[in-house]
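S.K.: based on what follows, work out the 3D shape:
(4 chains)
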2 protein chains.
Amino acid sequence: MQTRGAAAPDPTATAYTDSSGRALEDYKRPSVAVDTALLTVAAHDDHLSVLLVRRMPEPGAPAGAEAWALPGTFLHEGETLIDAVRRSLREKAGIEGVNPRQLRVFDDPGRDSRGWVLSVAHLDVVPTTRLAERDPERTRLARLADAVERLPFEHDKIIAAAAAEVRAQYARVPDPYGLLPEPFTILDLRLLHEAVAGEPLQRDTFRRQMISQLTPTGEVTTGTRGRPAELFRRVPAAIPWLPPTAT
Amino acid sequence: MQTRGAAAPDPTATAYTDSSGRALEDYKRPSVAVDTALLTVAAHDDHLSVLLVRRMPEPGAPAGAEAWALPGTFLHEGETLIDAVRRSLREKAGIEGVNPRQLRVFDDPGRDSRGWVLSVAHLDVVPTTRLAERDPERTRLARLADAVERLPFEHDKIIAAAAAEVRAQYARVPDPYGLLPEPFTILDLRLLHEAVAGEPLQRDTFRRQMISQLTPTGEVTTGTRGRPAELFRRVPAAIPWLPPTAT
DNA sequence: GAAATAGTGTCTGTAAGACACTATCGG
DNA sequence: CCGATAGTGTCTTACAGACACTATTTC
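M.R.: Residues are numbered from 1 along each chain as shown, chains lettered A, B, ... in the order given. Below is the predicted model:
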């Protein structure tokens, strides 16, 4: 409960009033949070994983019970959503240099026992190498299937929405988020895409789909069994989604 | 400016505190607004239109200058976003029974001169008949091209995002929002889709694409010039986007 | 040479673009 | 019959799925 109700208009507020003649400050405002699903594919793993951070256990929870959640924070005064996202990742996981984008707002009134909290869900996909610098005490990588073990605040829904989005993007474009270190073989690329999709892909069709969107290096692998594989790079301008910090 | 700063923790607040030991109420919170792009295609018009509502003129604006904007409102205490959207459409335009869905959050700090306001943009597409009951004094239908005449609050961006979304949906599914009264001919359907797309579509290819997704009635038109046209209905479960009031 | 992996040829089915043909109405 | 509109046949191109073949390496 709040101590402030619908009091008389605040004389220090700006002069604008709405159709009821009440100023902005006369309405109770929600807390706004951001939560981020930071996805990756661990090296030589064939599943999507998501970054979780340790959170304060619920009061009354059995001692030793672990509580995990997506990294998130409350929006501070004057801060943009993306800045809040970056701050939460920096402070709660020690991660910098990511560029998440909005998924959608979760506004279920009962989603947060602490009060009236809207959460703007965000998504980014980053190479595991960038997650290596994270704080190992407070963070953890969980496969998607394992992560949906009763996360708080509808975080399971956020993860599901994030995975669906990422799968749709990987369906037609080679590694749009740059998970693979360059140069890479078509096999590397296919194993990554299969990990994202969660199902095997056609070898020959996949090659023909992707090769037109890659630039050959002319190099080949050496020291492997069988015929050496050609090495490729992504073409520079292959990330149409991810506008330059969309408003 | 606000009269409340980072005061001492409110003793009536819930016991939860964040990692800095501060309760929810210690942070300034943004105002949260919803704005809705309600699109339609007027009968026998070949363009998308958007519903605008009259707004208070800016102080200092020349007398007689008209100011229009998308219908919107501030989120009230305990209210969900979709409820706020429905309330704003009811109160500001006299429209009921729509089911908008989220587009995204606009959080540009300078977007609203009244203060710190986030806006959650929404979208719906409704038949013009449903807009006929609206308040004619305070509302107006504007073609998209005409509507982008300096709307406040980035409303032009909301409209652009809404149009892109709707065009993508109409590209593969016959009238997903049910604008056409049933039954209808393939010609009716194509003219509607051309209005949405803003460009002419192939007559034969369009028919073959859509006919597999329609149920024939067996009836035909009468009294028209040329060969009578078959009449169709939409198949019942043809609206996969628009989950039953998504959270 | 055998095993293994990379890369390609090719057949089939589906579907869009394009064009022209047939079908059925009002007058 | 003529004009007009609805509906269909069909040719071309492109591409996914499927399968098998060739190519080039290690052991």
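
S.K.: and the gap between residue A:175 and DNA strand C?
M.R.: Residue A:175 sits 16 Å away from DNA strand C, going by Cβ to the nearest atom of the strand, to the nearest Å. In short, each C-beta sits where N, CA and C put it, glycine included.

S.K.: repeat for residue A:159
M.R.: Using Cβ to the nearest atom of the strand, residue A:159 is found at 32 Å from DNA strand C.

S.K.: mind listing what that residue touches?
M.R.: Shown in contact with residue A:159 (Cβ atoms under 8 Å, 6 or more residues apart in numbering or on different chains): A:37, A:50, A:70, A:144, A:147-148, A:151.

S.K.: how near is it to residue A:121?
M.R.: The spacing between residue A:159 and residue A:121, counted by Cβ to Cβ, to the nearest Å, is 9 Å.

S.K.: and for residue A:214?
M.R.: 32 Å.

S.K.: these two - which one has more neighbours?
M.R.: Using other Cβ atoms under 10 Å in any protein chain shown, the more surrounded residue of residue A:214 and residue A:121 is residue A:121, with 26 against 21.

S.K.: so the closest residue to DNA strand D within chain A, which of the three states?
M.R.: In chain A, no residue comes nearer to DNA strand D than residue A:227, which is 3.1 Å away by Cβ to the nearest atom of the strand. Counting by DSSP: H, G, I helix; E, B strand; the rest coil, the backbone at residue A:227 sits in coil.

S.K.: neighbours of residue A:44, just the number please.
M.R.: Residues lying near residue A:44 (other Cβ under 10 Å) number 7.

S.K.: ok, it to chain B distance?
M.R.: To chain B, residue A:44 is 34 Å away according to Cβ to the nearest Cβ, to the nearest Å.

S.K.: where does pLDDT dip in chain A?
M.R.: Residue ranges of chain A with pLDDT under 70: A:1-26, A:58-61, A:63-64, A:237-247.

S.K.: change it to 80
M.R.: A:1-27, A:56-66, A:110-114, A:133, A:135-136, A:147-153, A:236-247 (pLDDT under 80).

S.K.: quick check: phi and psi on residue A:170?
M.R.: Here the main-chain torsion angles of residue A:170 (degrees, to the nearest 10) amount to phi -70, psi -10.

S.K.: hang on, isn't it packed against residue A:176?
M.R.: Yes - between residue A:170 and residue A:176 there is a contact under Cβ atoms under 8 Å: 6.7 Å.

S.K.: more neighbours: which of these two?
M.R.: Shown here are residue A:170 and residue A:176; by other Cβ under 10 Å, residue A:170 has more neighbours (21 against 17).

S.K.: which non-adjacent residue is nearest that one?
M.R.: residue A:196 (4.5 Å; Cβ to Cβ, 6 or more residues apart in numbering or on different chains).

S.K.: with residue A:177 instead?
M.R.: The spatial neighbour of residue A:177 that comes closest, neighbours along the chain excluded (Cβ to Cβ, 6+ apart), is residue A:125 at 3.8 Å.

S.K.: tell me what that neighbour is bridged to.
M.R.: Here residue A:125 sits in beta bridges with residue A:39, going by DSSP bridges.

S.K.: for residue A:73, grab phi and psi.
M.R.: Main-chain dihedrals, residue A:73, degrees, to the nearest 10: phi -160, psi 170.

S.K.: how much space between it and residue A:33?
M.R.: Taken as Cβ to Cβ, the span from residue A:73 to residue A:33 is 7 Å.

S.K.: nearest residue to residue A:97 other than its sequence neighbours?
M.R.: Using Cβ to Cβ, 6+ apart and skipping the chain neighbours, the partner closest in space to residue A:97 is residue A:130 (6.9 Å).

S.K.: tell me where chain A has strands.
M.R.: Along chain A, counting by DSSP state E, strands occupy A:31-41, A:48-54, A:68-69, A:72-74, A:101-106, A:117-125, A:139-143, A:214-220, A:230-234.

S.K.: helices and strands around the first one, which ones?
M.R.: Going back to what we said before, that points to strand A:31-41. strand A:48-54, strand A:72-74, helix A:81-93, strand A:117-125, helix A:128-131, helix A:155-170, helix A:186-197 (3 or more Cβ pairs under 8 Å, 6 or more residues apart in numbering or on different chains; DSSP states H and E).

S.K.: tell me the angle that strand makes with strand B:31-41.
M.R.: Here the directions of strand A:31-41 and strand B:31-41 differ by 70 degrees (axes from the mean of the first three to the mean of the last three Cα atoms, to 10 degrees).
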